[in-house]
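In: here is my input, please return the structure:
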Amino acid sequence: MKFFITGHTGFKGSWLSVMLSECGHQVFGLALDPDSDGLFERAGLGRRFTMDARGDISDPDLVRQRIDQAQPDVVIHLAAQALVRDSYVRPRWTVQTNVMGTLSVLEAVSAVPSVSALVAVTTDKVYRNVGQSFGYRESDCLGGHDPYSASKAMADLLVQSWVSSFPSTPTAVARAGNVIGGGDTSRDRIMPDLLNAFADGKSAIVRMPSAVRPWQHVLDCLQGYVTLVDALVEGSGRGEWNFGPDADAVRTVAELADTAARHWSPEATWTTGSQSDLHEASLLVLDSSRARTELGWKDRLTFEQAVELTVAWDKRVRRGEHPESVMVDQLQHFMELPA
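Out: Residues are numbered from 1 along each chain as shown. Modelled structure (predicted):
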């Protein structure tokens, strides 16, 4: 099959491109230029793409041109301004990218008959966070305290309204949470901060050690997206879907830091730093029972295995192994695990 990925140069997009191409699919992409130290460039993943295009996802003519040129079977819309803290600094750009970019994709997909499935990826932060201890379900109200969360909730609602207002390609929204995995270099993300500090022999600084998050390896999350694509192609799967980890992986930031330190070395340590004045939710959990029941999807990796694999990737690359080779090795290991 031919897959068109927006945001293919990002962390998730890089792992997804390897997952799809290793399975024999043809991949096309449109994204902004990747960071020079990001996973896409470090692993040299551009050669895996039939089309490796650059541009602003909010430009409707460009998006339409590139998708029409590729004539894909499937579009997976990952492109986004994905950092909460950046959204406070650049709120207009965040909304422009996340909302108008999604509109560009919806318009383009509707105009290209080859597309038989569209998965629009949003986030667990689309839910109106009322601090409930049980997981948010797909039917719960959407909201958004910060510009990022609000923009993704708008994008989510835009997809839903588009599907109900216009004849459309089979479409689904995928909502996932805090993914970890080898090669993430994003700012203000806990795993890159921990591993960089450990590698430098420093004590890592943790802002909110008591915050609870649904930690999930990127490969488990992406396998959810691919499972959803399969359902859409087969005639089901429309609507909104959560792809969060099992209850075992809903842990505090402190537990994540402790586990990462244990897998790094006996000398690895962390300490609590000062919290930002910017709002960050202290509790956010997804209920993914619908995907498990109706799609047959489930995590293959436990919390412990997800952290171990992330730390192992970083160690191997720092020792000189090629990032792409380690990605392929870990993907093969993942695919051999019970589904």
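In: alpha carbons only for contacts and neighbour counts from here, please
Out: Fine.
In: all strands of this protein, in order?
Out: 2-6, 26-31, 49-54, 74-77, 117-121, 171-176, 178-180, 204-206, 212-217, 239-243, 250-252, 270-272 (DSSP state E).
In: could you redo these as a markdown table and give each row distance to Val326 and mean neighbour count?
Out: Putting the strands of the chain into a markdown table (distance: least, C-alpha to C-alpha, whole Å; neighbours: other C-alpha atoms under 10 Å) gives the following:
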| stretch | distance to Val326 | mean neighbour count |
| --- | --- | --- |
| strand 2-6 | 22 | 25 |
| strand 26-31 | 20 | 24 |
| strand 49-54 | 19 | 17 |
| strand 74-77 | 24 | 26 |
| strand 117-121 | 26 | 26 |
| strand 171-176 | 24 | 26 |
| strand 178-180 | 15 | 23 |
| strand 204-206 | 25 | 20 |
| strand 212-217 | 15 | 24 |
| strand 239-243 | 25 | 23 |
| strand 250-252 | 27 | 20 |
| strand 270-272 | 27 | 14 |
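In: which of these sits closest to Arg92?
Out: Set against Arg92 and scored by C-alpha to C-alpha, the strands of the chain come closest in strand 26-31, at 18.8 Å.
In: which residues does the closest one contact?
Out: 1-9, 17, 20-21, 48-57, 63, 66, 70, 79 (C-alpha atoms under 8 Å, 6 or more residues apart in numbering).
In: pLDDT score for Leu278?
Out: pLDDT, Leu278: 57.
In: quick one, what contacts the closest residue in space to Tyr88 that isn't next to it in sequence?
Out: The spatially closest residue to Tyr88, leaving aside those adjacent along the chain, is Pro147, at 6.4 Å (C-alpha to C-alpha, 6 or more residues apart in numbering). Neighbouring residues of Pro147 by C-alpha under 8 Å, 6+ apart: Val84, Ser87, Tyr88, Pro91, Thr94, Val95.
In: out of those, who has the most neighbours?
Out: Most neighbours among the contacts of Pro147, by other C-alpha atoms under 10 Å: Thr94, with 26 neighbours.
In: do you know how far it is from Ala31?
Out: Using C-alpha to C-alpha, to the nearest Å, Thr94 is found at 15 Å from Ala31.
In: same thing with Arg189?
Out: Applying C-alpha to C-alpha to Arg189 and Ala31 gives a distance of 21 Å.
In: and of the strands of the chain, who's closest to Asp314?
Out: Among the strands of the chain, strand 178-180 comes nearest to Asp314, with 11.7 Å by C-alpha to C-alpha.
In: off-centre distance for the closest one?
Out: 7 Å (C-alpha atoms, centre = their mean, to the nearest Å).
In: and if you look at stretch 96-105?
Out: 17 Å.
In: for the worst-scoring helix or strand of the chain on mean pLDDT, packing partners?
Out: Here the helix or strand of the chain ranked lowest by mean pLDDT, DSSP states H and E is helix 84-89, holding a mean of 87. For helix 84-89, the elements it packs on are helix 147-165, judged by 3 or more C-alpha pairs under 8 Å, 6 or more residues apart in numbering; DSSP states H and E.
In: hey, C-alpha coordinates of the helix it packs on in PDB?
Out: The C-alpha coordinates for helix 147-165 follow below in PDB (Å, rounded to 0.1, in the frame of the first residue of the first chain):
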ATOM      1  CA  PRO A 147      -3.200  26.800  23.700                       C
ATOM      2  CA  TYR A 148      -1.800  23.400  22.600                       C
ATOM      3  CA  SER A 149      -4.600  21.400  24.200                       C
ATOM      4  CA  ALA A 150      -7.300  23.800  22.900                       C
ATOM      5  CA  SER A 151      -5.900  23.700  19.400                       C
ATOM      6  CA  LYS A 152      -5.900  19.900  19.300                       C
ATOM      7  CA  ALA A 153      -9.400  19.800  20.700                       C
ATOM      8  CA  MET A 154     -10.400  22.200  17.900                       C
ATOM      9  CA  ALA A 155      -8.700  20.000  15.300                       C
ATOM     10  CA  ASP A 156     -10.500  16.900  16.700                       C
ATOM     11  CA  LEU A 157     -13.900  18.600  16.500                       C
ATOM     12  CA  LEU A 158     -13.100  19.800  13.000                       C
ATOM     13  CA  VAL A 159     -12.500  16.300  11.800                       C
ATOM     14  CA  GLN A 160     -15.700  15.100  13.400                       C
ATOM     15  CA  SER A 161     -17.700  17.900  11.900                       C
ATOM     16  CA  TRP A 162     -16.200  17.500   8.500                       C
ATOM     17  CA  VAL A 163     -17.100  13.800   8.500                       C
ATOM     18  CA  SER A 164     -20.700  14.500   9.400                       C
ATOM     19  CA  SER A 165     -21.100  17.500   7.100                       C
END
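In: kind regards, and thank you for your time.
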